[in-house]
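K.L.:
Any chance you can model this:
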Amino acid sequence: MPILARLLNLLTMLLFLSFNGHLWMISILADSFQNPAHQRATA
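P.N.:
This is a model prediction of the structure:
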C-alpha cells in the first residue's frame, strides 16, 4: 500500500474518531433494532 494511501487512511480514521463517528454508528445501529426500516413512522 502506498505511503500516501496510508496517511489518508490514518487522517480519515482520526477525523472519524474525533467527531465521535463510532458513537453515531453504534447509536444508529441500536435505533435500527427499535425502528425497522419497513415500518412507517407515525407522527
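
K.L.:
I'd like to check which residues are in contact with Met25.
P.N.:
Residues near Met25 by C-beta atoms under 8 Å, 6 or more residues apart in numbering: none. Just so you know, the C-beta spots here come from the backbone N, C-alpha and C atoms, and that holds for glycine as well.

K.L.:
Quickly find the element holding it.
P.N.:
helix 21-34 (DSSP states H and E).

K.L.:
could you give me the average pLDDT of that helix?
P.N.:
Mean pLDDT, computed over helix 21-34, is 90.

K.L.:
Check the offset of it from the chain's centre.
P.N.:
Here helix 21-34 is found 8 Å from its chain centre; the criterion is C-alpha atoms, centre = their mean, to the nearest Å.

K.L.:
residues in contact with Leu23?
P.N.:
By C-beta under 8 Å, 6+ apart, Leu23 has no neighbours at all.

K.L.:
Quick check: it vs Phe16, distance?
P.N.:
From Leu23 across to Phe16, the span is 11 Å (C-beta to C-beta, to the nearest Å).

K.L.:
cool, Phe33 as well?
P.N.:
Distance of Phe33 to Phe16, computed by C-beta to C-beta: 23 Å.

K.L.:
So between these two, which is more surrounded?
P.N.:
Using other C-beta atoms under 10 Å as the criterion, Phe33 and Phe16 rank with Phe16 on top: 13 against 7.

K.L.:
could you measure the residue nearest in space to the middle of the chain against Leu8, distance?
P.N.:
In the chain, the centroid-proximal residue (C-alpha atoms, centre = their mean) is Met25; its distance is 3.9 Å. The spacing between Met25 and Leu8, counted by C-beta to C-beta, is 20 Å.

K.L.:
Direction-wise, compare the helix ranked longest in the chain with helix 21-34 and give the angle.
P.N.:
The longest helix of the chain (DSSP state H) is helix 3-18. Counting by axes from the mean of the first three to the mean of the last three C-alpha atoms, to 10 degrees, helix 3-18 points 60 degrees away from the direction of helix 21-34.
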